[in-house]
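Student: Structure of the sequence below:
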Amino acid sequence: MASSSRYVGRPTAWTAFLLSIATALSGLMSSNCEAQNSPVVKVHAYQREIVGGIPGGPPGVGAPAKQTEYLIYLETAPKAAFTVEGVWKDGQFHTVETAVKKAPVRFESPVRLADESRSIAVPATTNTVTEIVVRDAVPGRQADATAAKMLGTSQAVVVLRHQGQPVLVAVEKFDRRDPLYRR
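Tutor: The predicted structure follows:
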């Protein structure tokens, strides 16, 4: 008995350690199960300013005010069938324009960038690449509890419909890219 009382503090610390590992593993298994319902293999997300005029010069005559463009690229298995219903960003639901693009996907730019890697949005891949351009906010629409929770840890959430079911895909961060100047 004396030997078992000697270890009273250790099983508690050891138990706490094992519980933390078990919790982490169950969280991984849970997110993997949810990911199996999603056709998305990888997400690429970017933001950049659209500016009227020329780099370093005055704004173009009659040019619209500076705007921020948000682009999301989803890589999916080649035969995956889904539709993009919209994007939650900044607590608002936004309409989108979508197009399937051939990889590698490059940013539109009238100027060739010195660092060529900065002009590539999606590197070469055998996956299907869907470009999503985030457009206007839809007033009066409220995020459900799952989307709201995801927005707490992500900058945006893409709403898909896959196999007749809604699928939410988190966009952790929009990487900033060089501005696009338009005349």
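Student: Show me what secondary structure element comes after the helix or strand of the chain with the lowest mean pLDDT.
Tutor: Scoring the helices and strands of the chain by mean pLDDT, DSSP states H and E places helix 9-36 at the bottom, with a mean of 39. Where DSSP states H and E defines the elements, the next helix or strand beyond helix 9-36 is strand 40-52.
Student: what packs against whichever helix or strand comes after that next one?
Tutor: Per DSSP H and E, strand 40-52 leads on to strand 67-76 as the next helix or strand towards the C-terminus. Other helices and strands packing on strand 67-76, by 3 or more C-beta pairs under 8 Å, 6 or more residues apart in numbering; DSSP states H and E, are strand 40-52, strand 82-89, strand 120-122, strand 128-138, strand 156-162. Every C-beta, even on glycine, is put in place using the N, C-alpha and C of the backbone.
Student: try it again with 6 Å
Tutor: strand 40-52, strand 128-138 (3 or more C-beta pairs under 6 Å, 6 or more residues apart in numbering; DSSP states H and E).
Student: Between strand 156-162 and the last one, find me the angle.
Tutor: Pointing back at strand 128-138 there. Interaxial angle of strand 128-138 relative to strand 156-162 (axes from the mean of the first three to the mean of the last three C-alpha atoms, to 10 degrees): 120 degrees.
Student: Go through the next helix-or-strand element following strand 128-138 and flag the buried ones.
Tutor: Moving toward the C-terminus from strand 128-138, the next helix or strand (DSSP H and E) is helix 145-151. Buried positions in helix 145-151, judged by neighbour count with 16 or more other C-beta atoms under 10 Å: 147, 150, 151.
Student: And the protein, split by domain according to the record?
Tutor: Residue ranges for each domain of the chain read 1-36, 40-182, as given by automatic domain parsing.
Student: among the ones you listed, where is the model least confident on average?
Tutor: Lowest mean pLDDT within the domains of the chain: domain 1-36, at a mean of 40.
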